[in-house]
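Provide a 3D model corresponding to the input given below.
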Amino acid sequence: MSVPAAFRLFTEIGIIHQLATRRFESLAPAGLTVAQFSVLDHLLRLPGDWSPARLANAFQVPRPTMTNTLQRLAAAGLVTFETDPRDGRAKFVRPAPAAAATRDAAVAAVAPLLAELPEALVTALLPPLAQLRMQLDAAR
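Residues are numbered from 1 along each chain as shown. So this is what the prediction gives:
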């Protein structure tokens, strides 16, 4: 039986994700995981009122998973929690002052991995991958 091309594509993406995650985490500073980096980067790129629940929704992970990630970031001094002035029960997550420097250090540490990729390959892959991401995002 022949495996459909779309399934093979998802298999390749999954393998690439595993390999890239392990490589990133071996190079990133202070045990920073891909999940933690992603949340930090998200908070720094998209400022605003991000509750743990809103972040969990954005990352499509269960709330306890996001809570665990945020607790680890808070323990490392990379995020803080602020009470919602409109609803004292709710909290917002804010990047701590060290967040940007940590994100930048992770990007710098991973730069050799990224430099291994031929620029022509990256340029060719970006448009179809962005199209796939948008299509999958629209369908969620």
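
Report the central residue of the chain.
residue 38 (2.2 Å; CA atoms, centre = their mean).

was I right about it contacting residue 59?
Yes: if you go by CB atoms under 8 Å, residue 38 and residue 59 touch, sitting 7.0 Å apart. Placement of C-beta: from N, CA and C, glycine included.

any chance you could map the helices in this structure?
Secondary structure of the chain by DSSP state H: the helices cover 5-27, 34-45, 52-59, 63-75, 99-115, 119-138.

now the shortest one, how far from the centre of its chain.
The reference is to helix 52-59. Centre-to-centre, helix 52-59 and its host chain are 12 Å apart (CA atoms, centre = their mean, to the nearest Å).

Buried residues in that helix, which are they?
52, 55, 56 (16 or more other CB atoms under 10 Å).

Which of the helices of the chain has the highest mean neighbour count?
Across the helices of the chain, averaging neighbours per residue (mean count of other CB atoms under 10 Å) puts helix 34-45 on top, at a mean of 18.

Identify all contacting residues around that one.
21, 24-25, 28, 50, 55, 58-59, 66, 69-70, 72-73, 76, 78-79, 93-95, 99-100, 102-103, 106 (CB atoms under 8 Å, 6 or more residues apart in numbering).

could you give the angle of it to helix 52-59?
Calculated by axes from the mean of the first three to the mean of the last three CA atoms, to 10 degrees, helix 34-45 forms an angle of 110 degrees with helix 52-59.

what does the lengthiest strand in the chain rub up against?
Criterion DSSP state E: the longest strand present in the chain is strand 87-95. With CB under 8 Å, 6+ apart as the test, strand 87-95 has contacts from 40, 43-44, 49-52, 55, 70, 78-84.

Show the average pLDDT along that strand.
For strand 87-95, mean pLDDT is 90.

Show me what counts as buried in it.
Buried, per 16+ other CB under 10 Å, within strand 87-95: 91, 92, 93, 95.
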